[in-house]
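S.K.: A predicted structure for the sequence below; I have some questions about it.
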Amino acid sequence: MSSDLTSANTMTGPASTSLELGDIQRGVLHHRPSPYVGTYLLLRIDNREAGQKLVRRLCPVIESAQSSSDPAQNASISVGFTYQGLRALGVPQDSLASFAPEFRQGMAARAAELGDVGDSSPGHWEKPLGSPEVHVALSVLSPDTTQLEILLDRARRAHEELTGVQVIWRQDCYQLPTGRTSFGFKDGIGQPAVEGSGIPGTNPEEQPIKAGEFILGYPDETGSVGPMPAPEVLGRNGTYLVFRKLHTRVAAYRQYLRAKAASREEEALLGAKMVGRWQSGAPLALCPERDDPGLGAHPDRNNHFSYGDDLRGFKCPAGAHARRANPRDALDHEMTVNVRLHRMLRRGTSYGPILPYGVLEDDGADRGIIFVFVGAHPKRQFEFVKTQWLNDGIFIGAPAEKDPLAGANDGTGTFTIPQRPIRRRLQSLPPFVITRGGEYCFAPGLRALRWLAELDTQNG
Ligand code: HEM
């Protein structure tokens, strides 16, 4: 380990892993400020030398996870590279070949597998998303617009006057003070703890997850160190990012609930059954009958639950979005699936104007979520959850049912709400979420970033 890297061995007892926090990008491990404003930039590298100059200029701007500045108070920049981006920087072929196959293919090539069909298919994606032109992804997040502008200016200085590097896409984003996103639900509550990071997770009942599930180069939940891109200096302390621009059809969603419910109260209940939480964030597992906004707002309590006493889903349906995405002990009971192999850090944000409360007509605005996944195993984490748990119902005994909110529905799907004396089944679920595009990225550690910046001198 080089001398400028210090490690942390924290929180999680004697078996915990020493993480090289000084070499891991801050945005990978730390929670964001709340609320925040932010901007995503995508860049294309037309000329290798200019690309490396860009990386050199970015090196001092990207903070590490051990930075002394308070992540809740300060703005930060994160960087990721697509497969095409690494190629454009001149990463040698044998190294490129050592990256995860789905990363090498790119998201557009994974569309059918991921359920990105119909209106969500790559042919309809916003340009340049999903195209080989996307090389570098920058995200800048800040608690206020002043700091955001300062950091954006630093990012601008990293790429301006570099004729071989072009900004090809910009997307502003934000988190509301309530934490609510376009459908009205508080989001970003459920987060696992990464062993050795010193950053607590949000569910006290979930033991920290092995660092190798999220950071390359460390033992993971299988007990061994997973595949890591070569050479080690490039792979170690890096991770994979998945970003997806997901347009939300909020008016269609509200109209659907209005048509299925006899009252506003029932509307709220059906909406909560689809998500697994009330709009306030309060989990159905703890308050199945009515919303409890105090609970929803309470960070120590709003994720402190399991499903073991509700295996049949009378409180929270097995098909609800959050329960599908993290079934917790409901699946561990069957001992067939190890839920800990399918966890993810989520760094999603909102974009576009909120549709005013109560409005049922579509105003034509583009709004939704920039979904961001962080994990060392994009296939068995992001892709598994998306394909096996959100887009398929075999694991809950309802093969034909997809996630009612975020699943790839096509107007024919159903959603079962267990209740006594007879279950309720919502019919003809339309798609409420449309994929506008996205990409798989690799977020290198800081040492790897310097390696990428100097690549030409090393490889001649
Ligand atoms: C526009 C699309 C989506 C919306 C509106 C949405 C919304 C939500 C909401 C409201 C929650 C509950 C709050 C929380 O627990 O943090 C949640 C939880 C979650 N979602 Fe999504 N989501 C979307 C897409 C996805 C996708 C594509 C995935 C994964 C492939 C995903 C994975 C998760 C996970 C892992 C949780 C936490 C579950 C838990 O730990 O209990 N979501 N989402």
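M.R.: Looks like it came in fine. Because the structure is a prediction, the values reported are computed rather than measured.

S.K.: Name the residues of the strand or helix carrying Glu113 that come out as buried.
M.R.: Secondary structure assigned from DSSP states H and E places Glu113 in helix 111-114. For helix 111-114, the neighbour count (16 or more other CB atoms under 10 Å) marks Ala111, Leu114 as buried. The C-beta positions use only the backbone N, C-alpha and C, and glycine is treated the same way.

S.K.: Repeat that for stretch 321-334.
M.R.: The neighbour-count check on stretch 321-334 (16+ other CB under 10 Å) flags His321, Ala322, Arg323, Arg324, Ala325, Asn326, Pro327, Arg328, Ala330, Leu331, Asp332 as buried.

S.K.: Out of these, which is nearest to Gly118?
M.R.: Among those, His321 lies closest to Gly118 (CB to CB), at 19.8 Å.

S.K.: Tell me how many other residues surround the residue nearest to that closest one when sequence neighbours are not counted.
M.R.: Nearest non-adjacent residue to His321, counting by CB to CB, 6 or more residues apart in numbering: Leu405, 4.5 Å away. Other residues near Leu405 number 23, with proximity taken as other CB atoms under 10 Å.

S.K.: wait, isn't Leu405 in contact with Val433?
M.R.: Yes. Under the criterion of CB atoms under 8 Å, Leu405 makes contact with Val433 at 7.1 Å.

S.K.: What about Ala72, how many residues nearby?
M.R.: By the criterion of other CB under 10 Å, Ala72 has 12 neighbours.

S.K.: Next, work out how far apart it and Thr202 are.
M.R.: Going from Ala72 to Thr202 by CB to CB, to the nearest Å gives 15 Å.

S.K.: thinking again about what came up before, list the residues that contact the residue nearest to His321.
M.R.: Neighbour list for Leu405: Phe183, Tyr253, Met274, Val275, His321, Phe432, Val433 [criterion: CB atoms under 8 Å, 6 or more residues apart in numbering].

S.K.: And for Ala158?
M.R.: Neighbours of Ala158 in contact, by CB under 8 Å, 6+ apart: Leu54, Arg57, Leu58, Val61.

S.K.: ok, for it, nearest residue in space, not its chain neighbours?
M.R.: That would be Arg57: by CB to CB, 6+ apart, it lies 3.8 Å from Ala158.

S.K.: Neighbours of Ser67, how many?
M.R.: Using other CB under 10 Å as the criterion, the residues surrounding Ser67 number 15.

S.K.: and it, what helix or strand is that in?
M.R.: Assigned by DSSP H and E, Ser67 belongs to no helix or strand.

S.K.: That one against Ile24, yeah?
M.R.: No. With contacts counted by CB under 8 Å, Ser67 stays clear of Ile24, the gap being 10.5 Å.

S.K.: Okay, and which of the buried residues of stretch 321-334 map to helices?
M.R.: Mapping those onto helices (DSSP state H) picks out His321, Ala322, Arg323, Arg324, Ala325, Ala330, Leu331, Asp332.

S.K.: Identify the residues contacting the third one.
M.R.: This points to Arg323. Counted by CB under 8 Å, 6+ apart, Arg323 has contacts Gly276, Tyr307, Gly313, Cys316, Pro317, Ala330.

S.K.: swap the cut-off to 7 Å and go again
M.R.: By CB atoms under 7 Å, 6 or more residues apart in numbering, the contact set of Arg323 is Gly276, Tyr307, Cys316, Ala330.

S.K.: Closest one to the ligand out of those residues, please.
M.R.: Nearest to the ligand out of the contacts of Arg323 is Gly276 (CB to the nearest ligand atom; 6.6 Å).

S.K.: Give me the neighbour count for that closest one.
M.R.: 26.

S.K.: shouldn't it be in contact with Leu284?
M.R.: Yes. Using CB atoms under 7 Å, Gly276 is in contact with Leu284, at 5.7 Å.

S.K.: and for those two, which residues touch both?
M.R.: Applying CB under 7 Å, 6+ apart, one finds that Gly276 and Leu284 are jointly contacted by Cys316.

S.K.: Regarding the residue of the stretch 151-300 of the chain at minimum distance from the ligand, what is its secondary structure?
M.R.: Closest residue of the stretch 151-300 of the chain to the ligand, CB to the nearest ligand atom: Gly190 (2.5 Å). Following DSSP: H, G, I helix; E, B strand; the rest coil, we place Gly190 in the coil state.

S.K.: ok, it touching Asn326?
M.R.: Yes. Look at Gly190 against Asn326 with CB under 7 Å: they come within range, at 6.0 Å.

S.K.: Tell me how far the residue of the stretch 1-150 of the chain found nearest the ligand lies from Asn302.
M.R.: Going by CB to the nearest ligand atom, the ligand is nearest to Leu114 of the stretch 1-150 of the chain, at 8.9 Å. Using CB to CB, Leu114 is found at 29 Å from Asn302.

S.K.: next helix or strand past the host helix or strand of Gln147?
M.R.: Following DSSP H and E, one finds Gln147 within helix 145-159. Using DSSP H and E, the next helix or strand after helix 145-159 towards the C-terminus is strand 165-175.

S.K.: helices and strands around that next one, which ones?
M.R.: Applying 3 or more CB pairs under 7 Å, 6 or more residues apart in numbering; DSSP states H and E, one finds that strand 165-175 contacts strand 36-45, helix 48-58, strand 349-351.

S.K.: how does it look with 10 Å?
M.R.: Judged by 3 or more CB pairs under 10 Å, 6 or more residues apart in numbering; DSSP states H and E, the packing partners of strand 165-175 are strand 36-45, helix 48-58, strand 136-142, helix 145-159, strand 239-248, strand 349-351, strand 368-375.

S.K.: which is the next helix or strand following that strand?
M.R.: Sequence-wise, the next helix or strand downstream of strand 165-175 (DSSP H and E) is helix 232-235.

S.K.: Identify the residues contacting that next one?
M.R.: With contacts defined as CB atoms under 10 Å, 6 or more residues apart in numbering, helix 232-235 is touched by 2, 86, 91-92, 95, 98-99, 216-217, 227-229, 376, 442, 444-445, 447-452, 455, 458.

S.K.: Can you turn the buried part of those into a ChimeraX selection?
M.R.: To isolate the buried ones among the contacts of helix 232-235 in ChimeraX, judged by 16+ other CB under 10 Å, type:
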select :86,91,92,95,98,99,216,217,228,229,376,442,444,445,447,448,449,451,452,455
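
S.K.: In strands only, show me the contacts of helix 232-235.
M.R.: Counted as lying in strands by DSSP state E, out of the contacts of helix 232-235, are Phe442.

S.K.: In stretch 101-114, which residues are buried?
M.R.: For stretch 101-114, a neighbour-count test (16+ other CB under 10 Å) marks Glu102, Phe103, Arg104, Gly106, Met107, Ala108, Arg110, Ala111, Leu114 as buried.
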